[in-house]
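*Asks:* Sharing a model that was predicted from the sequence below.
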Amino acid sequence: MNKEVRILLIEDNEGDILLTLEALKAARIHNVVDVLKDGEKAMQFLRKEGEFKEAVTPDLILLDINLPKLDGIEVLANIKNDEILKIIPVVMLTTSDSEKDIMASYSNHVNCYITKPVGFQSFIEVICTLKEFWISIVQLPKTPGA
């Protein structure tokens with residue numbers, strides 16, 4: 001059974017955005033995916049500020065580390081220090097396999113850290129696993145104001 005899960009993808013690299021959307025499609029994930037390309041806009045979206053007053057709160061966030069304006073660690077820290085947003089699961093999905101980035105992510109309460117595989121087929125397998133776990137198995141909380 002596939003439940004409707006709204007995903008927020010925060011990624012600045014156009015190639016990685018297309019690859020992620022293609023992998024989601026290949027994994028037969030037909031949920032709504034909002035895409036934002038910098039950390040500052042992502043926080044405005046999540047807080048429903050400015051142009052994002054009508055934004056729908058996501059059920060799951062896929063977050064890259066290397067972002068302009070606010071990097072992924074700063075976005076993560078902002079999310080996990082916000083009483084309303086902190087319940088949203090955040091998956092760090094990044095090319096970085098740096099121990100420093102991994103430690104900083106878990107220190108800021110990331111729900112899981114995944115280093116993006118290089119090959120498309122491997123990337124699809126990772127997205128399929130994400131789908132199985134976060135969409136098919138896990139009970140996600142209903143976010144206030146969703």
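*Replies:* Sure thing, it's come through.
*Asks:* hang on, isn't residue 26 packed against residue 124?
*Replies:* Yes - applying CB atoms under 8 Å, one finds residue 26 in contact with residue 124, separated by 4.9 Å. Heads up, the C-betas are built off the backbone N, CA and C, glycines and all.
*Asks:* okay, the two: which has more neighbours?
*Replies:* residue 124 (18 against 15; other CB atoms under 10 Å).
*Asks:* and that one, that's in a strand?
*Replies:* No - read with DSSP: H, G, I helix; E, B strand; the rest coil, residue 124 is helix and lies in no strand.
*Asks:* List phi and psi for residue 10.
*Replies:* Residue 10 has phi and psi values of phi -110, psi 100 when expressed as degrees, to the nearest 10.
*Asks:* So in terms of bridging, what pairs with it?
*Replies:* residue 36, residue 63 (DSSP bridges).
*Asks:* and it, what does it touch?
*Replies:* 35, 36, 37, 39, 42, 61, 62, 63, 64, 67, 72, 75 (CB atoms under 8 Å, 6 or more residues apart in numbering).
*Asks:* now it: how far from residue 139?
*Replies:* As defined by CB to CB, to the nearest Å, residue 10 lies at a distance of 23 Å from residue 139.
*Asks:* Longest helix in this protein, by number of residues?
*Replies:* Counting by DSSP state H, the longest helix found in the chain is helix 14-26.
*Asks:* okay, now residue 107: neighbour count?
*Replies:* 12.
*Asks:* Retrieve the pLDDT associated with it.
*Replies:* Here the pLDDT value assigned to residue 107 is 97.
*Asks:* and it, what is it in contact with?
*Replies:* Here residue 107 is in contact with no residues (criterion: CB under 8 Å, 6+ apart).
*Asks:* returning to what we had before: quick one: distance of the longest helix of the chain to the chain centre.
*Replies:* 13 Å (CA atoms, centre = their mean, to the nearest Å).
*Asks:* need the contact list for the residue nearest the centre of the chain.
*Replies:* Nearest residue to the geometric centre of the chain (CA atoms, centre = their mean): residue 62, 1.3 Å. By CB under 8 Å, 6+ apart, residue 62 lies in contact with 7, 8, 9, 10, 11, 20, 91, 93, 130.
*Asks:* Can you pull the phi/psi pair for the closest residue to the first one other than its chain neighbours?
*Replies:* Going back to what we said before, that points to residue 7. The shortest distance from residue 7 to any residue other than its chain neighbours is 4.7 Å, reached at residue 33 (CB to CB, 6 or more residues apart in numbering). Backbone geometry at residue 33, expressed as degrees, to the nearest 10, gives phi -120, psi 120.
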